Structures are given as structure tokens and as C-alpha cells.
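Novice: Would you be able to build a 3D model of this:
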Amino acid sequence: MAEVLTYHTNTMLYRDLQIVNQRTFPVVCHYLRELDKLPEETKARVNILNYIQERTGLSRSSILNIISSLKTDKFINFARGGYMLQVFDLPE
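Specialist: Below is the predicted model:
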């Protein structure tokens with residue numbers, strides 16, 4: 001039981017270190033990379049905006065602004081509705 005709790009605590013700590021006290025852009029890029037690592041059939045069913053909003057406290061408009069600029073600059077591509085994400089090479 002202790003090993004399971006330790007694993008869970010470490011996972012949550014790692015996640016929090018990735019998003020706490022960072023600007024919006026790196027947080028969104030982090031979750032886009034995370035989403036891109038999922039299996040193709042899972043990515044096809046996951047909405048990008050909902051995925052990021054459920055995991056962060058970021059507003060819908062700030063997430064959409066960043067996603068829109070990344071798509072315009074051809075760093076990502078996705079189907080209408082925010083599904084079927086393709087990540088090419090996100091800036092740091």
C-alpha cells in the first residue's frame with residue numbers, strides 16, 4: 001500500500017511542478033505533448049480544449065488563443081472540433 005501511495009504522490013508532485021507558477025504558453029505546450037503521446041484511437045476521441053481545461057486552471061479563452069496561434073504557425077494541426085491532434089515541433 002505504501003508503494004502505491006508513494007507512486008501516486010510522486011506523480012501528482014511531478015504534474016504540479018510542470019504547471020505551477022508557469023506562464024500559460026508552456027503549460028499548454030506541455031499538455032499538447034502529453035496528449036500527442038496517447039494512442040491514436042484515444043487521441044481521436046479527446047477534445048484538446050477539454051483535455052487541457054480538465055487538468056489546469058486556465059481559462060478557455062487563453063487556451064484557445066494559444067492553440068489558434070500554434071495552428072496558424074503550423075506547429076500543430078487538428079480536425080474541426082479539436083480532435084485528431086497532430087503535433088509537429090512545438091516551441092519551448
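Novice: which other residues reach the helix ranked longest in the chain?
Specialist: Secondary structure of the chain per DSSP state H: the longest helix is helix 2-19. Outside helix 2-19, the residues that touch it by Cβ atoms under 8 Å, 6 or more residues apart in numbering are 27, 30, 55-56. The way it works is simple: take the backbone N, C-alpha and C, and place the C-beta from them, glycine included.
Novice: please redo it, this time with the cut-off set to 7 Å
Specialist: With contact meaning Cβ atoms under 7 Å, 6 or more residues apart in numbering, helix 2-19 is reached by 27, 30, 56.
Novice: Put together a markdown table for those residues, with secondary structure and distance to Tyr7 on each row.
Specialist: Formatted as a markdown table, the contacts of helix 2-19 follow (DSSP: H, G, I helix; E, B strand; the rest coil; distance: Cβ to Cβ, whole Å):
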| residue | secondary structure | distance to Tyr7 |
| --- | --- | --- |
| Val27 | helix | 23 |
| His30 | helix | 21 |
| Thr56 | coil | 22 |
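Novice: okay, those in a markdown table with distance to Pro91 next?
Specialist: Below are these laid out as a markdown table (distance: Cβ to Cβ, whole Å):
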| residue | distance to Pro91 |
| --- | --- |
| Val27 | 14 |
| His30 | 12 |
| Thr56 | 19 |
